[in-house]
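K.L.:
take a look and give me a structure for this.
(4 chains)
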Protein chains: 2
Amino acid sequence: MTTPLVTILDDEPEIRQMLTEVLEDAGFRTQSFSRAREFEAALKHVTPDVCLVDLSLPDSDGLALVHRLALEQGAIVIIISGRAQVQDRVTGLELGADDYITKPFDPAEVVARIRARLRSTRSAPQAGNTAQFNGWVAHFDRYMLEDMSGVETPFSHAESEVLRLFLDRPKRLISRAQMQESLGGAAGESFDRAMDVRISRLRTKLREDPKNPRLIKTIYGAGYIFLGDVVWS
Amino acid sequence: MTTPLVTILDDEPEIRQMLTEVLEDAGFRTQSFSRAREFEAALKHVTPDVCLVDLSLPDSDGLALVHRLALEQGAIVIIISGRAQVQDRVTGLELGADDYITKPFDPAEVVARIRARLRSTRSAPQAGNTAQFNGWVAHFDRYMLEDMSGVETPFSHAESEVLRLFLDRPKRLISRAQMQESLGGAAGESFDRAMDVRISRLRTKLREDPKNPRLIKTIYGAGYIFLGDVVWS
DNA sequence: TCCCAAACCTTGCGAATTGTTACAAAGGAC
DNA sequence: GTCCTTTGTAACAATTCGCAAGGTTTGGGA
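P.N.:
Below is the predicted model of the structure:
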């Protein structure tokens, strides 16, 4: 949680190993994959903070993957590619990549660029206790949820855990497993039913339309995603 | 706030002019300076969103300036430098720069990188989770498909995967194999049947005429092709 | 200590989503 | 035409999720 998770997607074993080594020396957690399919399967269970993606993969259209990663996962996406043409770089960046590094590259620069991205905004685990989002204000110190018109509704501790988890990682998929872990849930019994209930109650406090929730979205078979523009203060 | 302000700090007049032109064509406001002193004076009155800084200035230690900019101004700082050594780049990034571009550079890439930085910093304007095509609007953030007359139909996550794949590569053949890979297709053999079903369901939501599909066309023995003029926004 | 209320979990079942099967229709080779 | 392969889709089955109702724990306060 404190150490960011970096995923590596590249079909060349030497590059995977080299990056893994350098990144772990730099203090990151890493996971590496050689195939896009493997990688996407893993995404159902973990949420990386940074994704290094090689565009020239044999089994997938890399750019489409980048597009999905940036939009759905909300992760920081850095393309590492052998294609050095300006046009490649521009389209990669426009499709949602946060950076574009051409091979051959220097490991130290990769680390520096990852740090630069992490430094800017989002990855910071929030220390504040008030968050604003889409007309709501959540006061975690008072366990109060403030309406657009100033009306306050109390929320419980269990609800605050879920809400904080969402507000810490907005617009990113959060798998059920991840939630259980984060919420101190014991190993998988029927605790997932309890989670449903927590989320259900949180939804009603946020006055979500059950048929068409706008803030807490369910991804069937994968987890939840919180859509909402969060500002901590 | 509507149009971001980009400042250019470079002692070569041609570069200043070239950047000014390109950036204004791209829709930014610009201000350019040839001396660090000038620039710092201007900072008392204006708050730039992005600062392009040439490190090799005659009258100032560029790195110190970068450091101050990043810390105090909270602006996005992009170094543009003739020094291409890895060590230069690493220290530049570590001192707070958000990006490092080496001369000679392509103007289009500068614009793309500025856009990428602005996108990741500004939390509010959800960049590009909507696509328009042939009278439809697909809202991937809300999982909604909007009619020409504004009527909205929800689509599921599985459907969104297919739709996104199509919208990412319009007017190009997409083979079945490619789809399976892209959609996290498990190793199942009868998965291609599931694929058909997904597409079938998507077709009904797009109100396609089964006898004469206009958007999702089947290429017998090869795959599918999505005809439609897609604009992401 | 007893009682109460709030918070939270568990149970159970209905609903939504998705994969699978079966069969019809379409396409192509001969 | 016949024969075989490929694709569309309706119907069914398996997961997965939402949520109401009831039970259990916790923490006061008298």
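K.L.:
so what are the domain limits for chain A?
P.N.:
According to automatic domain parsing, chain A comprises the domains A:5-119, A:130-232.
K.L.:
any idea how far the shortest one is from the middle of the chain?
P.N.:
The reference is to domain A:130-232. Taking C-alpha atoms, centre = their mean, to the nearest Å, one finds domain A:130-232 lying 15 Å from the centre of the chain it belongs to.
K.L.:
go on, the longest one?
P.N.:
In terms of C-alpha atoms, centre = their mean, the gap separating the centre of domain A:5-119 from the centre of its chain is 14 Å.
K.L.:
close to DNA strand C, is it?
P.N.:
No: shown here: domain A:5-119 not in contact with DNA strand C (C-beta under 7 Å from any atom of the strand), separated by at least 11.7 Å. Quick note: C-beta positions are derived from backbone N, CA and C, even for glycine.
K.L.:
tell me if that domain is near chain B.
P.N.:
Yes: counting by C-beta under 8 Å from any C-beta of the partner chain, chain B has neighbours in domain A:5-119: A:36-37, A:40-41, A:44, A:59-61, A:63-65, A:67-68, A:71-72, A:76, A:86, A:89-90, A:93-94, A:96-99, A:106, A:108-109, A:111-113, A:115-117, A:119.
K.L.:
from the residues you listed, list the buried ones, please.
P.N.:
Buried members of the residues of domain A:5-119 next to chain B, counted by 16 or more other C-beta atoms under 10 Å in any protein chain shown: A:36-37, A:40, A:44, A:60-61, A:63-65, A:67-68, A:71-72, A:76, A:89-90, A:93-94, A:96-99, A:108-109, A:111-113, A:115-117.
K.L.:
for A:T153, list each beta-bridge partner.
P.N.:
Taking DSSP bridges, one finds A:L145 as the beta-bridge partners of A:T153.
K.L.:
one step back: tell me which of the buried ones among the residues of domain A:5-119 next to chain B fall in helices.
P.N.:
A:36-37, A:40, A:63-65, A:67-68, A:89-90, A:93-94, A:108-109, A:111-113, A:115-117 (DSSP state H).
K.L.:
could I get the contacting residues of the spatially most central residue of chain A?
P.N.:
Centroid-nearest residue in chain A, with C-alpha atoms, centre = their mean: A:R172, separated by 4.1 Å. Applying C-beta atoms under 8 Å, 6 or more residues apart in numbering or on different chains to A:R172 gives the contacts A:T47, A:Q73, A:G74, A:A75, A:I225, A:F226.
K.L.:
list the contacts for the closest residue to it other than its chain neighbours?
P.N.:
Nearest residue to A:R172, sequence neighbours excluded (C-beta to C-beta, 6 or more residues apart in numbering or on different chains): A:G74, at 3.9 Å. With contact taken as C-beta under 8 Å, 6+ apart, A:G74 is in contact with A:R122, A:R169, A:P170, A:K171, A:R172, A:L173.
K.L.:
surely the fourth one touches A:I216?
P.N.:
No: counting by C-beta atoms under 8 Å, A:K171 sits too far from A:I216 to count as a contact (11.9 Å).
K.L.:
joint contacts of these two?
P.N.:
A:I225, A:F226.
K.L.:
look at these two and report which has more neighbours.
P.N.:
A:K171 (22 against 19; other C-beta atoms under 10 Å in any protein chain shown).
K.L.:
what's in contact with stretch A:9-28?
P.N.:
A:3-6, A:8, A:30, A:32-36, A:39, A:50-54, A:56-58, A:80, A:107-108, A:110-111, A:114-115.
K.L.:
just the buried ones from the residues you listed, in ChimeraX syntax?
P.N.:
Filtering these down to the buried ones (16+ other C-beta under 10 Å) takes a single ChimeraX command:
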select /A:4,5,6,8,30,32,33,34,36,39,50,51,52,53,54,57,80,107,108,110,111,114,115
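K.L.:
quick one on the thing from earlier: looking at the domains of chain A, which is nearest to DNA strand D?
P.N.:
Closest to DNA strand D of those, according to C-beta to the nearest atom of the strand: domain A:130-232, at 3.2 Å.
K.L.:
and the closest residue to DNA strand C within chain A, what pLDDT?
P.N.:
Here the residue of chain A nearest DNA strand C is A:S156; by C-beta to the nearest atom of the strand that distance is 2.6 Å. Here the pLDDT value assigned to A:S156 is 91.
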